[in-house]
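Colleague: Sequence first, then the predicted structure, then my questions.
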Amino acid sequence: MTPPLLLVALALAVGAAEPAKPKKTAPAAPAKAPAAKPTAKPAAKPSAPPLAVPAPAPDDFARASADLKDKNPMVRRRACDELSRLRDPRAVPLLLPALGDESPFVRSAAVDALGLMRAPEAVAPVTLRLSKDADGQVRQQAAIALAYLGAQQAEDALIAALDDKETGVRYAAIRTLGAIRSAKAEAKFTALLKDPDAGMRRVAAGALGQIRSAASLAPLSALLKDEDLDTRRVAVKAIGSLSGDGVKEVLLKALSDADGLTRLNAAMELNRYGTPEGEKAVVELLKSPDTQTRLQAANVLGTLATKDVGLPALMKAAGTDADEGVKRQAAFAARLVRARLGIPEPVPAQK
């Protein structure tokens with residue numbers, strides 16, 4: 001028998017000789033990805049207040065209407081001018097009170113605006129400004145505005161204004177009475193043809209030309225001896241607007257005036273009679289030493305030249321005049337004449 005201690009020793013030896021079996025271990029759990037760190041949310045920006053919607057800008061009419069109440073008279077005046085520019089009928093009831101504004105500048109601008117707008121309801125208050133306003137400029141503007149208003153009902157007030165102490169008021173009243181062809185003012189105008197002021201004589205002559213009364217031929221003819229050149233020129237045009245016996249003869253006499261432009265005016269007015277004297281007088285003016293007179297003569301011949309008299313004169317001036325402006329005007333007038341008479345343009349010479 002093997003002793004027990006020996007068996008124990010053998011067993012231990014055998015166990016030591018065999019390799020140790022690895023211990024079974026539980027499979028390792030798969031490695032977890034590191035948890036993503038929560039990203040910090042951006043700090044919320046403070047919310048901006050909602051954009052304020054701007055109030056619509058007042059239109060030009062609303063702005064000007066408001067400015068009519070401004071304390072500054074110059075602002076009120078500009079408001080009148082702006083309302084006049086806009087020509088909005090809504091402005092009329094706003095402008096009427098401005099006729100009584102304490103500032104004459106505002107009253108004058110209101111008168112002007114109402115005249116340009118041709119507001120019929122303004123005739124009576126504007127006429128009152130003409131008759132009663134203390135400021136001469138306002139009265140003058142009222143006389144002008146009444147021409148735009150076509151105010152026959154203001155005729156008596158306008159005739160009374162012919163005696164106004166302010167020259168500008170009288171001038172404006174004459175022009176307006178002429179524009180409305182006031183027969184009632186004819187006697188006053190005739191008397192003014194002898195006024196010492198040449199300007200007054202001119203506007204009176206022009207007004208008589210607008211009225212076109214045959215009775216004014218004699219007093220207007222007397223002005224053909226006036227010492228003022230402009231007065232004679234206006235008188236000739238006024239005479240040319242008349243009808244009846246004697247007009248043609250007076251215009252023919254005016255062709256001998258010492259002033260070239262007076263002769264030109266007479267020739268133009270004679271054109272309606274078909275007389276050759278006017279054309280011949282203008283052709284002579286193409287030879288004037290004064291450049292402006294030749295220029296005007298070429299322009300006039302464009303409307304009255306005939307084939308055998310005025311046209312050859314124009315063609316000559318277009319080629320030989322010393323002034324380039326006269327040359328161009330003569331050439332242009334010649335083309336007008338050929339077009340009017342149905343004459344073909346000349347063929348340029350072959351080089």
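Modeller: Happy to help now that I have it. Numbering: from 1, shown residues only.

Colleague: Show me the domain layout of this structure.
Modeller: 59-180, 181-274, 281-351 (automatic domain parsing).

Colleague: Just put those domains in CSV and tack on mean pLDDT.
Modeller: Output for those, formatted as CSV (pLDDT from 0 to 100):
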stretch, mean pLDDT
domain 59-180, 96
domain 181-274, 96
domain 281-351, 94
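
Colleague: Find the centremost residue of the chain, please.
Modeller: Arg85 (9.9 Å; C-alpha atoms, centre = their mean).

Colleague: For that one, give its distance to Ala113.
Modeller: Applying C-beta to C-beta, to the nearest Å, the value for Arg85 to Ala113 is 9 Å. No exception for glycine: its C-beta is placed from N, CA and C like everyone else's.

Colleague: How far off centre is the helix or strand the residue nearest to the centre of the chain falls within?
Modeller: Using DSSP states H and E, Arg85 sits in helix 73-86. Relative to its chain's centre, helix 73-86 lies at 17 Å (C-alpha atoms, centre = their mean, to the nearest Å).

Colleague: Please apply the same query to stretch 218-236.
Modeller: 33 Å.

Colleague: Pull out the buried positions in it.
Modeller: Pro219, Leu220, Ser221, Leu223, Leu224, Asp226, Thr231, Arg232, Arg233, Val234, Ala235, Val236 (16 or more other C-beta atoms under 10 Å).

Colleague: Among those residues, which pair sits farthest apart?
Modeller: Pro219 and Arg233 (16.6 Å; C-beta to C-beta).

Colleague: residues near the closest residue to Asp60 other than its chain neighbours, how many?
Modeller: Among residues not flanking Asp60 along the chain, Leu86 sits closest, at 6.1 Å (C-beta to C-beta, 6 or more residues apart in numbering). Leu86 has 16 neighbours, counted by other C-beta atoms under 10 Å.

Colleague: just Ala258 next, same as before
Modeller: 8.

Colleague: Next up, phi/psi of it, please.
Modeller: With angles defined as degrees, to the nearest 10, Ala258 sits at phi -70, psi -20.

Colleague: still on that earlier bit, from Thr306, how far out is the residue nearest to the centre of the chain?
Modeller: Applying C-beta to C-beta to Arg85 and Thr306 gives a distance of 48 Å.

Colleague: Equivalent analysis for Pro344, please.
Modeller: Relative to Thr306, and taking C-beta to C-beta, Pro344 is found at 17 Å.

Colleague: go on, Gln292?
Modeller: 24 Å.

Colleague: Please apply the same query to Ala109.
Modeller: Between Ala109 and Thr306 the distance is 52 Å, computed by C-beta to C-beta.

Colleague: sorry, back to before: buried residues in the helix or strand just after the helix holding Arg85?
Modeller: Going down the chain from helix 73-86, the next helix or strand is helix 92-98, by DSSP H and E. Buried residues in helix 92-98, counted by 16+ other C-beta under 10 Å: Val92, Leu94, Leu95, Leu96, Ala98.

Colleague: Now distance to Asp67 too, for these, in TSV please.
Modeller: Below are the buried residues of helix 92-98 laid out as TSV (distance: C-beta to C-beta, whole Å):
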residue	distance to Asp67
Val92	17
Leu94	11
Leu95	12
Leu96	16
Ala98	11
